[in-house]
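Student: predicted model follows, preceded by the sequence.
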Amino acid sequence: MAAKFVVYFDRSKKFRFRLLASNGGIIASGEAYESKAACLNGIKSIQKNAPGAAVVDETVKKEEKTPAKKPAAKKAAAGKTPKKPLLKK
């Protein structure tokens, strides 16, 4: 079975669609539409525009903006001179 779009009514009696994978899992779902024609136009838009759609990974941007944390040991030692060992006579 290939992927398919399923049109259905939501609880508010508005038209919606789901894109189902070949195993029946939901890949995507559409917004609520007032008419069936508008819902079908939403499906047509995805069919037309999605094949060349870019993937934007915003998780990478967030990681790059977050500075790396310094290890706690280095923070505590920063700016302090090490103590000289006591010599016993």
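Tutor: Thanks, I have it.
Student: give me the low-pLDDT residue ranges for the chain?
Tutor: 61-89 (pLDDT under 70).
Student: show me where it has its strands.
Tutor: 4-9, 15-20, 26-29 (DSSP state E).
Student: so of those strands, which one's packed in deepest?
Tutor: Most buried of the strands of the chain by mean neighbour count (mean count of other CB atoms under 10 Å) is strand 15-20; its value is a mean of 18. Bear in mind the C-beta positions are built from the backbone N, C-alpha and C, glycine included.
Student: quick one on the thing from earlier: could you redo the strands of the chain as a markdown table and give each row distance to Asn49?
Tutor: What follows is those, written out as a markdown table (distance: least, CB to CB, whole Å):
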| stretch | distance to Asn49 |
| --- | --- |
| strand 4-9 | 14 |
| strand 15-20 | 13 |
| strand 26-29 | 13 |
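Student: who wins for proximity to Gln47 among the ones you listed?
Tutor: Closest to Gln47 of the strands of the chain, according to CB to CB: strand 4-9, at 8.2 Å.
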